[in-house]
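# This is the structure alone, sequence omitted:
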């Protein structure tokens, strides 16, 4: 197994206490780490993506611009930059916004992970990888309305993260 197949297991204070496989987080209940990136374009629109129908978790749902597991031994910021390149084919400066413990339920398993939230600004073209099938550029107001009116079209993690960071994002974008 490649070292990239492992993620750190952390305690309630985000201290590393072990490691396990990415697949096991859908079978066992432990806390892991993810990096979440909101991308803002030159028109102050937020980029959201639609997950492929082939994704193991929450296929065909809209999600944050970029989100991914933090590999074992990797920092949140290193994971964020890696995921940006892998998922959208871009590089940009990232600003750390906040971190919180996110809990969602999928197929009877409670998924817990610390979500470290970053904001990136990027005005160029993006190239979606095979995990993503659609890109939308929405104003903060449009996104807020969609999340409020149709939360079921988004991943639960996206809804939780957006609600958590909404006021801070609104001030930055204004």
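Right, received. Where do you want to start? Keep in mind it's a predicted model, so treat the numbers as computed, not measured.
# Name the helix or strand for residue 47, please.
Using DSSP states H and E, residue 47 sits in strand 46-51.
# Name the surrounding residues that touch that strand.
Contacts with strand 46-51, where a contact means C-beta atoms under 8 Å, 6 or more residues apart in numbering, come from 38-41, 58-66, 87-88, 126, 128, 131-140, 143, 155, 158, 169, 173. Where C-beta positions appear, they are placed from N, C-alpha and C, glycine not excepted.
# In helices only, show me those residues.
The helices, defined by DSSP state H, take in 87-88, 140, 143, 158, 169, 173 from those.
# Check the residues you listed for burial and list the buried ones.
87-88, 140, 143, 158, 169 (16 or more other C-beta atoms under 10 Å).
# and the gap between the closest residue to residue 116 other than its chain neighbours and residue 131?
Ranked by C-beta to C-beta, 6 or more residues apart in numbering and with sequence neighbours excluded, the top spatial neighbour of residue 116 is residue 76, at 3.8 Å. In this structure, residue 76 and residue 131 are 20 Å apart, going by C-beta to C-beta, to the nearest Å.
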